[in-house]
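Q: coords please:
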Amino acid sequence: MSVVIGWDVGGAHLKAARIADGCVVAAVQTPCTLWRGIDHLAPALQAARGVVGDAPRHAVTTTGELVDAFPDRETGTAAIVAGLERALAPGEVQLYAGRAGFVATDEAGALWALAASANWHATASVGARARPQALMIDMGSTTTDVVPIADGLVRARGMKDHERLVVGELVYTGLTRSFLMSGPPLAPVGGSWSPLMNEYFASMADVWRVLGELDEVHDQHPTADGRDKTAKASAARLARMVGLDRRDRAPEDWVRLARWFAEAQMRKIEDAIHLVLSAGAFDAAPVIVGAGAGREVIARIAARQQMSFEDFAGGIAVEPGARTGAALCAPAAAGGLLLAGA
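A: Down below sits the predicted model:
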């Protein structure tokens, strides 16, 4: 049996997928507080290996080089690669470098700029095999990728983070970790537009929790105030964003405010979709392929935009019990499939 494990090393989570004979058989996401230092990578790897096991070959994508624990992305990439080599020895580790494909770890230093934050390219490359005309949208905990696929090829206009930000292919909003203070400057409260407190009082996890639409498995980090992950506690955090306490308004007012924040987030992603579509890669509306923790939000956006939606896991070889994990951990699954030649 041929076995490969795909790894996606992010700044807040580690994703892993086990591929056996070209089929995803297990996948898991585990918290990894890499911004606190590279020493937090090894425990996350150990936890993930409890689900995906070991393998002789490992495919790696990374976005964790961006965390402020590293002075720059080149240093971060080198530190992550070295940490993986130590933890996964004697297995062979190969780093995905976007259009350059996989590179050995001894080449990573020279090609770090291609490998940095290239996980979206792996996901879109695999997605393109099943959907030759598509928008691959991966909504994770912190960011959302919007990648055009046309004629079976990845047609992204940006490759590096800055390039992707300015053309709408990288949107800094995610299902759980996005801070509300980073969104719209005003929110409707009691018939007036209230400025928001410029503090990390609440996150999008609180918004979706108040709405009753958050699968708690996706919220793997502590809340802003360290208190409970309940609808009431989340409503209290929302209230603090507009200078109030939860008791100052009726419960339905906090649901209404949460709904507005959710709408604002979806509009932000929809704006990016329209920007990407305006570049002219498609003659007709493409299908939206959703991946990541927020793919249910992406499915809702697709319906709002009158576009078809498909789940990433529907276009790859995956065991039924691993479908949800494969879609959640799409970059890890995609990297493993690419290295396996599947």
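Q: residue 183 reaches residue 171, doesn't it?
A: No - counting by CB atoms under 8 Å, residue 183 sits too far from residue 171 to count as a contact (11.8 Å). (Glycine included, C-beta is placed from N, CA and C.)
Q: quick check: neighbours shared by those two?
A: residue 268 (CB atoms under 8 Å, 6 or more residues apart in numbering).
Q: these two: which has the busier surroundings?
A: Taking neighbours as other CB atoms under 10 Å, residue 183 and residue 171 compare with residue 171 leading, 23 against 18.
Q: in contact with the more buried one, which residues?
A: So residue 171 contacts 143-146, 268-269, 272 (CB under 8 Å, 6+ apart).
Q: backbone dihedrals for it, please?
A: Residue 171 adopts backbone torsions of phi -120, psi 120, taken as degrees, to the nearest 10.
Q: bridging across strands, which residues link to it?
A: Beta-bridge pairing of residue 171 under DSSP bridges involves residue 144.
Q: is residue 154 in a bridge, and if so with what?
A: Here residue 154, judged by DSSP bridges, has bridge partners residue 149.
Q: residue 204 versus that one, what's the distance?
A: Using CB to CB, to the nearest Å, residue 154 is found at 28 Å from residue 204.
Q: near the residue nearest to residue 157 when sequence neighbours are not counted, how many other residues are there?
A: Excluding the flanking residues, the one nearest residue 157 by CB to CB, 6 or more residues apart in numbering is residue 167, at 4.8 Å. Burial measure for residue 167: 18 neighbouring residues, criterion other CB under 10 Å.
Q: would you enumerate the residues in contact with residue 167?
A: With CB under 8 Å, 6+ apart, residue 167 has these contacts: 157-158, 275-276, 279.
Q: max pairwise distance over these: which two?
A: 158 and 275 (11.4 Å; CB to CB).
Q: now the residue nearest to residue 186 when sequence neighbours are not counted: phi and psi?
A: Among residues not flanking residue 186 along the chain, residue 193 sits closest, at 4.2 Å (CB to CB, 6+ apart). Main-chain torsions, residue 193, degrees, to the nearest 10: phi -90, psi 120.
Q: ok, residue 193 - how many residues close by?
A: For residue 193, the neighbour count with other CB under 10 Å is 10.
Q: just residue 294 next, same as before
A: Residues near residue 294, counting by other CB under 10 Å: 27.
Q: buried ones in the lowest-mean-pLDDT helix or strand in the chain?
A: Ranked by mean pLDDT, DSSP states H and E, the helix or strand of the chain with the weakest confidence is helix 112-115, at a mean of 91. Within helix 112-115, the residues that count as buried by 16 or more other CB atoms under 10 Å are 112, 114-115.
Q: try stretch 245-260
A: By neighbour count on 16+ other CB under 10 Å, the buried set for stretch 245-260 is 246, 249, 253-255, 257-258.
Q: so what touches that stretch?
A: Counting by CB under 8 Å, 6+ apart, 187-190, 206-208, 210-211, 232, 234-236, 238-239, 242 sit against stretch 245-260.
Q: which residues in the stretch 51-200 of the chain form helices?
A: Secondary structure of the stretch 51-200 of the chain by DSSP state H, counting those that start in this stretch: the helices cover 73-88, 112-115, 119-130, 161-166.
Q: confidence-wise, which of those is weakest overall?
A: Of all the helices of the stretch 51-200 of the chain, mean pLDDT reaches its minimum on helix 112-115 (a mean of 91).
Q: what's that helix in contact with?
A: Contacts of helix 112-115 (CB under 8 Å, 6+ apart): 61-62, 65, 73-74, 77-78, 95-100, 103, 108, 159-160.
Q: restricting to C-alpha, output it in CSV.
A: Output in CSV follows, covering the C-alpha atoms of helix 112-115 (Å, rounded to 0.1, in the frame of the first residue of the first chain):
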residue,chain,number,x,y,z
TRP,A,112,10.9,29.8,0.0
ALA,A,113,9.1,32.6,-1.8
LEU,A,114,7.3,30.1,-4.0
ALA,A,115,6.4,27.9,-1.1
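Q: just give the nearest non-adjacent residue to the most centrally placed residue in the chain, would you?
A: Centroid-nearest residue in the chain: residue 140, 2.6 Å away (criterion: CA atoms, centre = their mean). Closest residue to residue 140 apart from its sequence neighbours, by CB to CB, 6+ apart: residue 292 at 4.5 Å.
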